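Asker: Got a predicted structure plus its sequence, pasted below:
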Amino acid sequence: MGASPVAAVTDIAAVDTRLNLIPTLRYTAASPEQTLADIQSLSDEDWQVSKQEHRNFGHSQRVIWFHTQIIKNHLLSTPIFLRVNYPHHDYIDLYLQHGEQNIGHFEGGDERTFASRPVDHRTFLAPVKIPMGEVVDVYLRIETQGPMMVPIELLTQVEAVKDESVLLLFVGLYFGVIIIMLVYNAFIYTSLRDSTYLYYLMYMAAVAAQQFTLFGFGFQYLWKNPEILSNNFMIMLTSGLMETSAVLFVIKFIRLRRMRSRLDRFAGYSLLACCVSMLFASFFMSFSTFISVVNIVGLVGVGCGLYIGVKGWLMGFKAARLFATAWLIYLMFIGWYLLDLMAVIDSTTYGNYAIAIGSVIELSLLSFAFADRMNQEKELRLHTQATLINVQRAMNEDLDHKVKQRTKALEQANRKLEYLSTTDGLTGLFNRRHFDQEYERLYKESIKNKQSLAVLMIDVDHFKRLNDEYGHVFGDRCLIRAGELIRQALNSPPDICARYGGEEFIVVLPNVKYNQAKQVAESLRHAFANTIVRDGRVAASMTVSIGLAFTMPTNINQHEALLKDADNYLYQAKENGRNQVVETY
Ligand SMILES: Nc1nc2c(ncn2[C@@H]2O[C@H](COP(=O)(O)OP(=O)(O)OP(=O)(O)O)[C@@H](O)[C@H]2O)c(=O)[nH]1
């Protein structure tokens, strides 16, 4: 390479708004120990000229000296500043030399305290004050462990303020959006307690913290002294946090544990291990090493996010569409930023915005993906609920049916039980116990209604003989027939009849006249006498004796007396020779 003198002496009074100094600069890479005097003693051959509009030296250079010459041919209408519009160089030194004399030395860089800067600004901004009509040598030394991005320009104070206003508007919008999303998702997390949201919140907070650092605001407003907290460390820490939370979020969001492919799970968890290692490495690794590794891990991580998103999408997980798109867009912006960092492309002015824009688009899309996922889960929940309700309804109907069946069976059993407990098993008439209850009830009713009551005590004559002669079974047959004859003779209800003892029956007739009662007794007696009971070859007839008691009941205490009366008349009927009715009168 031949001699490289300065391209032209720049008249700073001619700077209207701004002037890119790169085309007028020559530069040389140097070792960190070389001083200004060493650099001044270099010959023209040691310098190189930048032919490009912007210069980005990538990661390869640690220290670069720049040199140009300026002059002020007129009075300045506004102060002129020299700006290095990249906030993360470790050390910046600006020397203004008039011949052998140093007329200005300004320091900057984030490895020095913020207070050492000539102007309180997140980037290096130094006033250029030089004597009128004199050529002044400008030496700029930049030392950094990070990417050597050197957008160097001269600009008026008004222009610097304008630039900053535009940037602050952008940054305000950016952090405004991020804060809204943070608060919104924090609310969702507090109500849902879904750890996916927590990882998303962590990721978003880490992205915001890193942007805050990358724009230079962290160093300007928070950690102003690198001995307490270094800017480089904060970039490393936020990168580690960002990557770790992003991978945790991806794993949780896409439910990696459920993914069928072991390889995917292995890749996912390996990446997580890598990111966690990066997070720890940020505490002791050198910045230059960290940055080159973290960029690769970041790129692989975002690529994995995209891959997992596409795979989830193909597997029918609908929310993965937006998820994959989010990572794809972020990947494009990161790609742009990294290419810029590695000096493959040169977009120094816009490079700073790339990750910020990419991240805000990505975070918004992820929010939509979340909403989509929630929607999908809601649909699934509703579907499951509907299925459950149907199952429950079917079970309830079945249960209802069974309960109805059981109730019916129980009612039948109860009815049967009641029948058995109130009825005589042989004749089907009321049994004695039930008769007592019914009789008392009728008696009370008759008192209340002022109605008469007749009691017929009926006993089969010489039943023992019948039993002895034809056998017990035939005797039973006769008793059954007796029950039928009695039932046929009555109006039941309100009349009641019962088997009162072995071959003894009782009939109660409420609200009858005496003659009617007597008629019933007589017709019963005739019915018995005229009936022949047959069982196979055996046939016999039977007679009955009847005691008839009649009263107009007035006192419940008398109800047993009426029975006793009927019994006494029956006894008399037996005494009188049987087959007759003996009555009250
Ligand atoms: N087959 C049968 N016999 C019964 C039943 N309950 C009582 N007896 C019989 O009925 C008979 C009643 O006899 P008694 O009390 O001496 O009276 P009776 O022979 O009818 O004579 P009188 O009443 O004086 O006319 C007894 O032999 C009892 O064993 C029954 O359910 N079935």
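Answerer: Yep, that arrived. Numbering: from 1, shown residues only.
Asker: I'd guessed Gly428 sits against Arg481; true?
Answerer: No - applying C-beta atoms under 8 Å as the test, Gly428 and Arg481 come out as separate, 11.7 Å apart. Quick note: C-beta positions are derived from backbone N, CA and C, even for glycine.
Asker: Looking at those two, which is more packed in?
Answerer: Of the pair Gly428 and Arg481, Arg481 is the one with more neighbours under other C-beta atoms under 10 Å, namely 18 against 13.
Asker: okay, and for the stretch 151-300 of the chain, where does confidence drop off?
Answerer: Applying pLDDT under 70 to the stretch 151-300 of the chain flags the ranges 255-260.
Asker: Got phi/psi on the residue nearest to the spatial centre of the chain?
Answerer: Nearest to the mean C-alpha position of the chain, by C-alpha atoms, centre = their mean, lies Leu192 at 5.4 Å. For Leu192, the backbone dihedrals (degrees, to the nearest 10) come out as phi -90, psi -30.
Asker: Flag every residue of this protein that's near the ligand.
Answerer: Contact residues (C-beta under 6 Å from any ligand atom) of the chain with the ligand: 426, 459-465, 467, 472, 475-476, 479, 502-503, 574, 578.
Asker: Flag every buried residue along the host helix or strand of Ile308.
Answerer: Using DSSP states H and E, Ile308 maps to helix 287-314. The neighbour-count check on helix 287-314 (16 or more other C-beta atoms under 10 Å) flags 287, 290-291, 293-295, 297-298, 300-313 as buried.
Asker: what do you get for stretch 98-105?
Answerer: Of all the residues in stretch 98-105, those buried under the rule 16+ other C-beta under 10 Å are Gly104.
Asker: just stretch 561-574 next, same as before
Answerer: By neighbour count with 16+ other C-beta under 10 Å, stretch 561-574 contains the buried residues 562-563, 565-567, 569-570, 573-574.
Asker: what's the distance between whichever residue of the stretch 51-200 of the chain sits closest to the ligand and Lys72?
Answerer: In the stretch 51-200 of the chain, the residue that lies nearest the ligand is Arg193 (80.1 Å; C-beta to the nearest ligand atom). Going from Arg193 to Lys72 by C-beta to C-beta, to the nearest Å gives 66 Å.
Asker: between these two, who's got more neighbours?
Answerer: Legend: neighbour count by other C-beta under 10 Å for Arg193 and Lys72, higher for Lys72 (21 against 9).
Asker: that older thread, in strands only, show me the buried residues of stretch 561-574.
Answerer: Taking DSSP state E, every one of those sits outside strands.
Asker: mind putting those in a markdown table, pLDDT included?
Answerer: Output for the buried residues of stretch 561-574, formatted as a markdown table (pLDDT from 0 to 100):
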| residue | pLDDT |
| --- | --- |
| Leu562 | 95 |
| Leu563 | 96 |
| Asp565 | 95 |
| Ala566 | 96 |
| Asp567 | 96 |
| Tyr569 | 96 |
| Leu570 | 97 |
| Ala573 | 96 |
| Lys574 | 96 |
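Asker: which of these lies closest to the ligand?
Answerer: Comparing those against the ligand with C-beta to the nearest ligand atom places Lys574 closest, at 5.4 Å.
Asker: Let me know the helix or strand that the spatially closest residue to the closest one that is not a sequence neighbour is in.
Answerer: Nearest residue to Lys574 in three dimensions, chain neighbours excluded: Ser545, at 5.1 Å (C-beta to C-beta, 6 or more residues apart in numbering). Ser545 belongs to strand 544-551 when assigned by DSSP H and E.
Asker: packing partners for the helix ranked longest in the chain?
Answerer: Scanning the chain for the longest helix, with DSSP state H as the assignment, gives helix 348-422. Secondary-structure packing of helix 348-422 (3 or more C-beta pairs under 8 Å, 6 or more residues apart in numbering; DSSP states H and E): helix 157-192, helix 195-214, helix 231-253, helix 320-341, helix 432-449.
Asker: looking at those, which is buried most?
Answerer: helix 231-253 (a mean of 23; mean count of other C-beta atoms under 10 Å).
Asker: distance of Gly577 from Leu75?
Answerer: 166 Å.
Asker: same question, Tyr470
Answerer: Distance of Tyr470 to Leu75, given as C-beta to C-beta: 157 Å.
Asker: cool, and Cys275?
Answerer: Distance, Cys275 to Leu75, using C-beta to C-beta: 57 Å.
Asker: Find the closest residue to the ligand in the stretch 301-450 of the chain.
Answerer: In the stretch 301-450 of the chain, the residue that lies nearest the ligand is Leu426 (6.0 Å; C-beta to the nearest ligand atom).
Asker: Mark out where each domain of the chain begins and ends.
Answerer: The chain breaks down into these domains under automatic domain parsing: 10-159, 194-378, 432-583.
Asker: Show me how far the shortest one is from its chain's centre.
Answerer: Averaging C-alpha positions (C-alpha atoms, centre = their mean, to the nearest Å) puts domain 10-159 57 Å from its chain's average.
Asker: for Met457, which residues make a bridge with it?
Answerer: With DSSP bridges applied, Met457 shows beta-bridge pairing to Ile506, Gly547.
Asker: how near is it to Arg433?
Answerer: From Met457 over to Arg433 (counting by C-beta to C-beta), the distance is 17 Å.
Asker: what about the protein, any weak spots by pLDDT?
Answerer: 1-7, 51-55, 255-260, 341-352, 492, 585.
Asker: Now with 50, please.
Answerer: Applying pLDDT under 50 to the chain flags the ranges 1-3.
Asker: Isn't Leu563 up against Val455?
Answerer: Yes - Leu563 lies in contact with Val455 (C-beta under 8 Å); the separation is 6.2 Å.
Asker: shared neighbours of these two, anything?
Answerer: Common neighbours of Leu563 and Val455 are listed as 506, 549 (criterion: C-beta atoms under 8 Å, 6 or more residues apart in numbering).
Asker: What is the neighbour count of Ser77?
Answerer: With other C-beta under 10 Å as criterion, Ser77 counts 11.
Asker: now swap in the one 5 residues further on and tell me
Answerer: Summarising burial for Leu82: neighbours were counted as other C-beta under 10 Å, giving 23.
Asker: Ok, His401 next?
Answerer: 10.
Asker: and what of Gly502?
Answerer: Neighbour tally, Gly502, other C-beta under 10 Å: 12.
Asker: is it true that it lies in a strand?
Answerer: No - with DSSP: H, G, I helix; E, B strand; the rest coil as the criterion, Gly502 is coil rather than part of a strand.
Asker: For it, which non-adjacent residue is spatially closest?
Answerer: Phe463 (7.5 Å).
Asker: how close does the one you found sit to Glu469?
Answerer: From Phe463 over to Glu469 the distance is 11 Å, taken as C-beta to C-beta.
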